[in-house]
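Undergrad: 3D, please:
(chains A and B)
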Amino acid sequence: MCGLCGAFGGENHWSTHIEDPEQAHYERRRARAYRTKLINRALRPHRLEIEDFQASSFVLATATGKREIVQDLGGIWRQAEQLTGHDIDPLDAQFLASLN
Amino acid sequence: MNDTTPLLPVHVISGFLGSGKTTLLKSVLASEAFGDSAVLINEFGDVGLDDRLLGDIAEDAVLLSSGCVCCTIRGELSEALRRLLSQRQDGKIPPFKRIVLETTGLADPGPIASTITADPVLRHHLRPGTNLTLVDAVNATASRQQHPVWEAQVAVADKLVISKSDLVDNDQLSEIQHLIDAINPAAQRLGREALHQPSDELFASGPHLERFSHSEVKTWLGPWRIPIESKAVAHLGDIKSFRLGFEGDVDWTCFGLWLSMLLNRHGSNIMRVKGVLHIKGDSRPVILHGVQHTIHPPEHVETWPESDRRSDLIFITHGITAKRVADSLAAFMSAVSDHTSPRIFHE
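TA: Numbers count the residues shown, from 1 in each chain, chains lettered A, B, ... in the order given. Here you go, the predicted structure:
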């Protein structure tokens, strides 16, 4: 597993490290919901969508109905690339333009 | 994750063949300041030459003999680190406070951090420490031309020491200094005396610190504003080092997604990223530190002057320009975040 990853479902990714584990449950749910919303905005140009699966993992789905369980954040981008057969490249001007 | 048990740092001494790593390690082991260190030595080849050179000084030294630490023996490195922790817990070796790993001269030290942070056991006991790189003044130019890993060793360094500087003239020394300044302007420079009389400074101010102070962060971010000789820049080739500055606070969630996406696609060309970010909704800035695909667990800085809300990120890349990175981040944040995006500039 890439060192970038870590169990996103278990909130063990580096980007969640600064969140206070003692914070209220609803705050954690709110942060997770916001993260999910932003991932979906980034995936929309590739006609992909993720859903939170019982706050333990995510389900990544294509417009044609293919579905995969994703356990970590690094896995989301990699699996999305595998499902679509296209790179998801934040340095690609076309991709960035398609976000709007 | 706020574990009450402090994580032990794994410091890495890196540098090309013959740059003086073993000399430094001997000095470290002989120093009272580092008496409570465990040592791992990565030797390339069948005979552990450096282990013999160290002789009786390093009684607890573990020799990794299977090859280069960056590729073939990551499994062995994990096992060796686990063994050290197990022996420490069982009381078979003294309760060391740090591990010092000397890499082979042919190793890219970048993957060592990912070995620690990706291992389900190690990451609960250890954290990547300071990357200290030695640059051999006599052979730097030739080594760099023949072995691309030389640049990787300089790029990942938190601290740099030029060894054998007394064996070259001032012009040669100046050229080497400008070259490493151009590749890694964010590394702290230590003088030659660090090789023979290592002080606490050797491994201080690294990414392993549990709690950074304002001044430690500034030291760690390095002497960024060193003027770079145009001659050195001309010889840099594909290496780009640049700084992104932010006016306005950053949406951490959005930034984290962008960076993870960037590293997923371009991690092998992001040799280094580090900096301090002020994030929305939090008065405390966050320290970010990554090498290639690996981002170390970010930490808050608890005490920070209110007047300083400036965010800085330093990148060292292979072929990726400052403008592409800055434009990408700005466009991504503007399109994806619910919050107002900061103005991002680069230099």
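Undergrad: what about B:Asp251, distance to B:Ala107?
TA: 37 Å (CB to CB, to the nearest Å). For glycine as for every other residue, the C-beta is placed from the backbone atoms N, C-alpha and C.
Undergrad: same deal with B:Ile314?
TA: Applying CB to CB to B:Ile314 and B:Ala107 gives a distance of 23 Å.
Undergrad: neighbour count for these two, which is higher?
TA: A direct count of neighbours by other CB atoms under 10 Å in any protein chain shown for B:Ile314 and B:Ala107 places B:Ala107 higher, at 26 against 21.
Undergrad: the helices in the chain, which residues?
TA: No chain specified, so I'll use chain A. With DSSP state H, the ranges of helices along chain A come out as A:25-43, A:73-84, A:93-98.
Undergrad: if you could check chain B rather than the one you did, that'd help
TA: For chain B, applying DSSP H gives helices covering B:21-30, B:49-54, B:74-89, B:110-118, B:140-146, B:149-155, B:170-183, B:193-196, B:214-221, B:230-234, B:252-266, B:322-336.
Undergrad: quickly, which of those helices bottoms out on average pLDDT?
TA: Per-stretch mean pLDDT for these is lowest at helix B:49-54 (a mean of 42).
Undergrad: picking that back up, format the helices of chain B as TSV; extra columns: distance to A:Arg28.
TA: Output for those, formatted as TSV (distance: least, CB to CB, whole Å):
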stretch	distance to A:Arg28
helix B:21-30	43
helix B:49-54	48
helix B:74-89	31
helix B:110-118	22
helix B:140-146	48
helix B:149-155	37
helix B:170-183	41
helix B:193-196	45
helix B:214-221	28
helix B:230-234	47
helix B:252-266	13
helix B:322-336	21
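Undergrad: packing partners of the biggest strand by length in chain B?
TA: Longest strand in chain B by number of residues, with DSSP state E as the criterion: strand B:126-136. Contacts defined by 3 or more CB pairs under 8 Å, 6 or more residues apart in numbering or on different chains; DSSP states H and E place strand B:126-136 against strand B:8-15, helix B:21-30, strand B:98-102, helix B:110-118, helix B:149-155, strand B:159-163.
Undergrad: can you name the residue of the stretch 201-347 of chain B nearest chain A?
TA: B:Gly256 (3.0 Å; CB to the nearest CB).
Undergrad: I figured that residue hits A:Ser15, correct?
TA: Yes. B:Gly256 is in contact with A:Ser15 according to CB atoms under 8 Å; the separation is 3.0 Å.
Undergrad: report the buried residues of stretch A:26-46.
TA: Within stretch A:26-46, the residues that count as buried by 16 or more other CB atoms under 10 Å in any protein chain shown are A:Arg28, A:Ala31, A:Arg32, A:Arg35, A:Leu38, A:Ile39, A:Arg41, A:Ala42, A:Leu43, A:Pro45, A:His46.
Undergrad: show me which of the residues you listed neighbour chain B.
TA: Filtering the buried residues of stretch A:26-46 for proximity to chain B (criterion: CB under 8 Å from any CB of the partner chain) leaves A:Ala31, A:Arg35, A:Leu38, A:Ile39, A:Arg41, A:Ala42.
Undergrad: for the fourth one, give me its contacts.
TA: To tie it back to what came earlier, the one meant is A:Ile39. Residues in contact with A:Ile39 (CB atoms under 8 Å, 6 or more residues apart in numbering or on different chains) are A:Ile50, A:Ile76, B:Leu257.
Undergrad: tell me, how many neighbours does the residue in the stretch 1-150 of chain B that chain A sits nearest to end up with?
TA: Proximity of the stretch 1-150 of chain B to chain A (CB to the nearest CB) peaks at B:Ser114, 2.9 Å away. Neighbours of B:Ser114 under the rule other CB under 10 Å: 24.
Undergrad: report the separation between A:Leu96 and chain B.
TA: Counting by CB to the nearest CB, to the nearest Å, the gap from A:Leu96 to chain B is 4 Å.
Undergrad: is that residue in contact with B:Phe332, as I believe?
TA: Yes. If you go by CB under 8 Å, A:Leu96 and B:Phe332 touch, sitting 6.5 Å apart.
Undergrad: rewinding a little: and the helices of chain A as TSV, adding mean pLDDT?
TA: Supplementary listing: the helices of chain A in TSV, determined by pLDDT from 0 to 100:
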stretch	mean pLDDT
helix A:25-43	88
helix A:73-84	84
helix A:93-98	96
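Undergrad: in stretch B:291-306, what counts as buried?
TA: Neighbour-count burial for stretch B:291-306, counted by 16+ other CB under 10 Å, picks out B:Val291, B:Gln292, B:His293, B:Thr294, B:Ile295, B:His296, B:Pro297, B:Pro298, B:Glu299, B:His300, B:Val301, B:Trp304.
Undergrad: stretch B:77-94 now?
TA: Counting neighbours by 16+ other CB under 10 Å, one finds that the buried residues in stretch B:77-94 are B:Leu77, B:Ser78, B:Ala80, B:Leu81, B:Leu84, B:Leu85, B:Gln87, B:Arg88.
Undergrad: many thanks, have a good one.
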